[in-house]
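**Student:** With the input below, show me the fold.
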Amino acid sequence: MTRLRRLSSRAALLGVMASGLVLAGCDDNEVGDVSLGLFTTKDIKIESLIDPKVPGVTCHLSNIEADLDFSDPSDMSIACRQTGPITAEMIADIDTSKSGEEVYRKSKSVLLKSLKIRRILDRDSQSLLYIAYSTKETSGSFKHALSSVPLWGSDAWQAPTAQ
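**Tutor:** Below is the predicted model:
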């Protein structure tokens, strides 16, 4: 009876671990999932991300996830648009340094590779820039993609000063 109980406990533990792995692949932000074919473990995942400090901006990020591989490819694409109000108060609350501020991070492999998104303010063009990039070099380069959201037409836009 004791042996049967140990086997039952192990089976229950394996079941919990397996369901945890399945749930780890789920993402609340996921709005699309495109299979790359029947004989591959890779899919294109599309996520919708709202900027935490500028909630009037929504970015859509596509990247490849390799469910059963040790690492995911580094390619990604990003498109950001104004989807709500952008105020001067929101812009005053963000990091305006040249390196900007990290607004999103996702682990892409067990080999310390991450996909990150940073927000940078371009004061001259009065635009918010969103750069998605991989933190690991792949084929001689760091993969990255860029999208911009102009402040024109929002409450945050400021008329240029005369020089």
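**Student:** Please make it C-alpha for all contacts and neighbour counts, starting now.
**Tutor:** Fine.
**Student:** I'd say Ser74 and Lys116 touch.
**Tutor:** No - look at Ser74 against Lys116 with CA atoms under 8 Å: they stay out of range, at 10.9 Å.
**Student:** between those two, who's got more neighbours?
**Tutor:** Ser74 (22 against 18; other CA atoms under 10 Å).
**Student:** Kindly state the pLDDT recorded for Asp51?
**Tutor:** Looking at Asp51, its pLDDT is 98.
**Student:** Apologies, that question was intended for Ala18.
**Tutor:** 36.
**Student:** Kindly report the same for Asp93.
**Tutor:** 97.
**Student:** quick one: the nearest residue to it once chain neighbours are set aside and Met90, what's the gap?
**Tutor:** Distance criterion CA to CA, 6 or more residues apart in numbering; nearest residue to Asp93, sequence neighbours excluded, is Lys53 at 7.2 Å. As judged by CA to CA, to the nearest Å, Lys53 and Met90 stand 6 Å apart.
**Student:** One more: His60?
**Tutor:** Taken as CA to CA, the span from His60 to Met90 is 20 Å.
**Student:** Ok, Ala66 next?
**Tutor:** Distance from Ala66 to Met90, by CA to CA: 36 Å.
**Student:** again with Leu151
**Tutor:** Taken as CA to CA, the span from Leu151 to Met90 is 12 Å.
**Student:** Compare those two and say which is more crowded by neighbours.
**Tutor:** Leu151 (21 against 16).
**Student:** State whether the more buried one and Leu129 are indeed in contact, as I suppose.
**Tutor:** No - checked against CA under 8 Å, the pair Leu151 and Leu129 is beyond contact range at 10.6 Å.
**Student:** Give me the residue at the spatial middle of the chain.
**Tutor:** Residue closest to the average C-alpha location in the chain (CA atoms, centre = their mean): Tyr104, at 5.3 Å.
**Student:** For that residue, name its beta-bridge partners.
**Tutor:** Assessed by DSSP bridges, Tyr104 has beta-bridge partners Ile117.
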